[in-house]
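Q: just need the structure, nothing else, for what follows:
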Amino acid sequence: PSCAAYVELHAHSCFSFLDGASWPEELVAQAAQLGLRGLALTDHDNLHGAWDLTLAAEENGIQAIIGAEVTLEDASHLTLLVASPAGYRNLCRLLSRAYQVHGKDTPLVEREWLFELNEGLIVLSGCRDSELVRLSDPSVASSSHSAAMELATAYRAIFGDRYYIELQHHDVFGDTERVAALASLAEQLGIETVATNNVHYHVRTRHRLNDVLVAVRHRQTLD
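A: Sure thing, here's the model as predicted:
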């Protein structure tokens, strides 16, 4: 089936260590087979797969979008995409500073740095572990609609139309309510939304390897 109208903007490869279960080349080949026009690679806190992504995308005739899912000071996640050479330089600077200041085990991007080095970057509000979801999720007792609006407004003030609210639905408990709350917030503030899949492997059968990797990361058994 063709998915020519869709571009995946949130995908993890094996360079999201102990989390992603496919090589960048495998993700690109599957995207091309599905008819996608492009693919963003957003590995956790690094750009290790960017070169492999770029070469594979050229070979398969689709657009490569370089990005990363960064971890902020409060351990929440944020999706950053490169829109220009300046954006690539700034993303490299942000990641380098995260490792230099906070260490290789917990590289954290401080929001102040992001706002300072914002040129050429597109921001998606993030997955279930994002600050915006935590603040707006109706199933969480500590959620705050006003705080979520304040946060989204702050990002829009810096990034303008380069800030999008990210919607993900995986038929996981609470997804419907989360997506509805985020969509309502976006409508109230006049912010565009994007749908992403938070991909961690290129074919279903690879979920078995993904389960093993996640179990190792959490030091749990497969059971």
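Q: for this structure, which segments are assigned as helices?
A: 24-34, 50-60, 85-102, 111-116, 131-136, 145-159, 175-189, 207-218 (DSSP state H).
Q: who does the residue nearest the centre of the chain form a beta bridge with?
A: Nearest to the centroid of the C-alpha atoms of the chain, with distances taken as CA atoms, centre = their mean, sits Thr79, at 3.5 Å. For Thr79, the beta-bridge partners under DSSP bridges are Glu69, Leu124.
Q: residues touching it, list them.
A: Thr79 makes contacts with Leu9, His10, Thr42, Gly67, Glu69, Val123, Leu124, Ser125, Gly126, Cys127, Glu166, Thr196, as judged by CB atoms under 8 Å, 6 or more residues apart in numbering. Just so you know, the C-beta spots here come from the backbone N, C-alpha and C atoms, and that holds for glycine as well.
Q: tell me who's in contact with the nearest residue to Tyr88 once chain neighbours are set aside.
A: Of all residues not flanking Tyr88 in the chain, Val82 sits nearest, at 4.8 Å (CB to CB, 6 or more residues apart in numbering). Residues in contact with Val82, defined by CB under 8 Å, 6+ apart, are Ile65, Ile66, Gly67, Tyr88, Leu91, Gly120, Leu121, Ile122.
Q: list of residues touching stretch 43-52?
A: 12-17, 19-20, 23-25, 41, 66, 68-71, 91-92, 95, 98, 107.
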